[in-house]
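*Asks:* Give me a 3D structure for the following:
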Amino acid sequence: MKLWDLGRYEIPDEILESWITRMGEELLPIQERAIKRHRILEGKSLIISSPTSSGKTFAGEVAAVKVAMEKKKAAYLVPLKSLAEEKYLDFKEKYERFGIKVVVSSRDHREYDPEIEEGNFQIAIIVYEKMAQLLVKNPLLLKNISLIVVDELQEIGDPARGGGLELTLTKIVTSPYQPQLLGLSAVLGNAESLARWLDAELLLHEKRPVELHQGVLYKGIFHYKTYNTFERGEESLVDFDSDNISDVVLANALHLLKQGEQILIFLPSKREAMALAYTLAENASLPKAENTLKELSILEDTSLKEALTHCLESSVAFHHADLSREERQVIERYAREGDNRPHRHPAFLLSRRDKKPGCD
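*Replies:* Residues are numbered from 1 along each chain as shown. Reported below is the predicted structural model:
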């Protein structure tokens, strides 16, 4: 199915052209199935369970834009304020020129809460917990919302926050207003029962469009299995004799950096993320991220600005919730776009308590 075919759903040509420029002319298989077989652009509820990069996020975006162009309202729920910020800025840049009012609600953004309660928006990007608060404050909130997109729906299984998301979804599915529900999830073991509970159809898709190598590093050899084909293979990395996993990660990160690779490292705490960022910056011998440092220099001084500046002197960055909103925006843009010079992407360190230490 070609993107131009979405014109039949009264999506303007200008928006279709912008999508084609970004995505190419053809929809991915999962997007085509969601639209043609499961009719998400005709008001049908659907749970899409598929791996990262399979195309489900764009399916949610298309559904939200279609609803907005009909002068209806869509709520786009995300688990983290950093994701809310990124999605808000992305949608605002792409769609406000077409008359679509985009708002956001998170711990960092409360200025739009009154407008969300009054229904003065077309697309609202809302963090899970804020949606729960808004529903408590205004039980009639769902009256004017036609579509609810739930990104990262697999978070419902998270021990810490899954219960809150489940309660919010219960309020949505038992609401007399019955908005369309579109859930976007990584591969789930209980996808069928979840879809039944949410009274939605289920679209399962287990293949990734870009192959992933999953494995274990042991004595300098990365033993991996491919995600799609289950083929096994080996890759030589660095054999570093240490019982400290951080030493092993550091040695292999430096090895990959010297090969010009961009690296994303997950660590279990903010302290460890910053410590490894410092060590990597001192050992990497990379040029400074000049343009990113200029952006950072004009921001208000914070407790972490000096540390972040030190790391960026060697094209290394860390990212966690203690950074200011503006600092996170600079680093996220740096990670996506680089420093406007060839090969100047960061070794990007991200603190996530739900991840094990490792490299991507």
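*Asks:* Count the residues that sit near R325.
*Replies:* If you count neighbours by other C-beta atoms under 10 Å, R325 ends up with 13. Every residue, glycine included, has its C-beta placed from N, CA and C.
*Asks:* How about it: what's its closest non-neighbour residue?
*Replies:* D108 (4.7 Å; C-beta to C-beta, 6 or more residues apart in numbering).
*Asks:* The one you found: neighbouring residues, count only.
*Replies:* Neighbours of D108 (other C-beta under 10 Å): 16.
*Asks:* Also L264?
*Replies:* Counted by other C-beta under 10 Å, the residues lying close to L264 total 14.
*Asks:* which residues does it bridge with?
*Replies:* As for beta bridges, L264 partners with F348 under DSSP bridges.
*Asks:* Please, where are all the strands along the stretch 151-300 of the chain?
*Replies:* Under the criterion DSSP state E, counting those that start in this stretch, the stretch 151-300 of the chain contains strands at 180-185, 201-204, 213-218, 221-226, 232-236, 263-267.
*Asks:* Redo those strands as a markdown table? Include distance to L167 and mean pLDDT.
*Replies:* Formatted as a markdown table, those follow (distance: least, C-beta to C-beta, whole Å; pLDDT from 0 to 100):
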| stretch | distance to L167 | mean pLDDT |
| --- | --- | --- |
| strand 180-185 | 15 | 96 |
| strand 201-204 | 22 | 94 |
| strand 213-218 | 33 | 90 |
| strand 221-226 | 38 | 92 |
| strand 232-236 | 43 | 92 |
| strand 263-267 | 28 | 84 |
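*Asks:* how far away is the residue nearest to R325 from P287?
*Replies:* Taking C-beta to C-beta, to the nearest Å as the measure, D108 falls 32 Å from P287.
*Asks:* Give me the most central residue, the chain.
*Replies:* Closest to where the C-alpha atoms of the chain average out (C-alpha atoms, centre = their mean) is L83, at 5.4 Å.
*Asks:* for it, what are its contacts?
*Replies:* Neighbouring residues of L83 by C-beta atoms under 8 Å, 6 or more residues apart in numbering: D151, E152.
*Asks:* got it, and the one 5 residues further on?
*Replies:* For Y88, the contacting residues are V102, V103, V104, H109, I125, taking C-beta under 8 Å, 6+ apart as the criterion.
*Asks:* Would you work out how far apart the start and end of stretch 44-60 are?
*Replies:* Stretch 44-60 has an end-to-end distance of 12 Å (C-alpha to C-alpha, to the nearest Å).
*Asks:* For it, buried residues please.
*Replies:* 44-51, 54-60 (16 or more other C-beta atoms under 10 Å).
*Asks:* so which of those residues comes closest to V248?
*Replies:* P51 (26.9 Å; C-beta to C-beta).
*Asks:* Go ahead and confirm the closest one touches V210.
*Replies:* No: assessed by C-beta atoms under 8 Å, P51 is found out of contact with V210, at 9.5 Å.
*Asks:* ok, back up a step: now do the residue nearest to R325 against T309, distance only.
*Replies:* In this structure, D108 and T309 are 22 Å apart, going by C-beta to C-beta.
*Asks:* what bits of the protein have low per-residue confidence?
*Replies:* Within the chain, the stretches with pLDDT under 70 are 338-360.
*Asks:* Domain parsing of it, as residue ranges.
*Replies:* With domains defined by automatic domain parsing, the chain comprises 3-204, 211-241, 243-359.
*Asks:* how far is the shortest one from where the chain is centred?
*Replies:* So the one you mean is domain 211-241. Domain 211-241 has its average C-alpha position 25 Å from the chain's average C-alpha position, going by C-alpha atoms, centre = their mean, to the nearest Å.
*Asks:* what's the span of it, first residue to last?
*Replies:* End-to-end span of domain 211-241 (C-alpha to C-alpha): 30 Å.
*Asks:* Please point out which parts of that domain sit buried.
*Replies:* By neighbour count on 16+ other C-beta under 10 Å, the buried set for domain 211-241 is L217, G220, F222, Y224, Y227, L237, F240.
*Asks:* Quick check: bridge partners of the residue nearest to E192 when sequence neighbours are not counted?
*Replies:* Spatial nearest neighbour of E192, chain neighbours left out: L202 (6.2 Å); criterion: C-beta to C-beta, 6+ apart. In this entry, L202 is beta-bridged to I47, by DSSP bridges.
*Asks:* quick one: contacts for S50?
*Replies:* S50 touches I30, K56, S185, A186, V187, L203, L204, H205, E206, counting by C-beta under 8 Å, 6+ apart.
*Asks:* quick check, the first one in a helix?
*Replies:* Right, the one you point to is I30. Yes: membership of I30 in a helix is supported by DSSP: H, G, I helix; E, B strand; the rest coil.
*Asks:* I'd say K225 and Q214 touch.
*Replies:* Yes: counting by C-beta under 8 Å, K225 does reach Q214; the two are 5.9 Å apart.
*Asks:* contacting residues around stretch 223-232?
*Replies:* For stretch 223-232, using C-beta under 8 Å, 6+ apart, the contacting residues are 51, 207-208, 211-217, 233-235.
*Asks:* make it 6 Å
*Replies:* Stretch 223-232 has contacts (C-beta atoms under 6 Å, 6 or more residues apart in numbering) with K207, R208, E211, L212, H213, Q214, G215, V216, G233, E234.
*Asks:* Distance to A34 added to those, as TSV?
*Replies:* As requested, the contacts of stretch 223-232 are exported to TSV (distance: C-beta to C-beta, whole Å):
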residue	distance to A34
K207	15
R208	17
E211	23
L212	22
H213	28
Q214	26
G215	31
V216	35
G233	33
E234	37
